[in-house]
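Colleague: Need the 3D shape of this:
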Amino acid sequence: MDLKEFLQTNPKTNFMQSPEWAKVKTEWKNEFIIVKDKNGEIKGTMSILLRKVPVINRHIMYAPRGFVCDIHDKETLKELTQKARRNSQKI
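Modeller: The predicted structure follows:
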């Protein structure tokens with residue numbers, strides 16, 4: 001299952017987590033964080049929007065509507081959070 005199919009079938013999906021929504025936010029850079037199981041199937045994802053804030057010369061990361069996954073799957077939530085944290089250190 002690819003990202004688009006996962007987003008179309010997951011009950012926690014919101015349109016603000018879609019690639020289409022990211023295209024609307026033209027002043028923002030978009031990255032998808034994806035967590036897969038041992039078989040390569042997507043367990044969770046999160047769309048991250050990034051933007052440089054003028055004047056203070058810093059970036060902000062925004063995940064509209066949060067995680068798309070089983071919210072009771074603590075392992076997936078932890079991995080998504082860790083990947084987001086690593087991404088924040090790269091900018």
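
Colleague: hey, let's count contacts and neighbours off CA atoms from now on
Modeller: Noted.

Colleague: what's the helix or strand for Lys43?
Modeller: Assignment of secondary structure by DSSP states H and E places Lys43 within strand 42-53.

Colleague: Contacts only, for the nearest residue to Ile42 once chain neighbours are set aside.
Modeller: Once flanking residues are discounted, Ile42 sits nearest to Lys36: 4.2 Å by C-alpha to C-alpha, 6 or more residues apart in numbering. When the contact criterion is C-alpha atoms under 8 Å, 6 or more residues apart in numbering, the partners of Lys36 are Ile42, Lys43, Gly44.

Colleague: Check whether Leu3 really touches Ile42, as I assumed.
Modeller: Yes - with the criterion set as C-alpha atoms under 8 Å, Leu3 and Ile42 qualify as a contacting pair; they are 7.5 Å apart.

Colleague: more neighbours, the two?
Modeller: For the pair Leu3 and Ile42, the greater number of neighbours falls to Ile42 (18 against 15), based on other C-alpha atoms under 10 Å.

Colleague: Would you agree the more buried one is in contact with Leu7?
Modeller: No - counting by C-alpha under 8 Å, Leu7 is not a contact partner of Ile42; they are 9.9 Å apart.

Colleague: what packs against the longest helix along the chain?
Modeller: As assigned by DSSP state H, the longest helix anywhere in the chain is helix 74-90. Contact here means 3 or more C-alpha pairs under 8 Å, 6 or more residues apart in numbering; DSSP states H and E; on that basis helix 74-90 packs against strand 29-36, strand 42-53.
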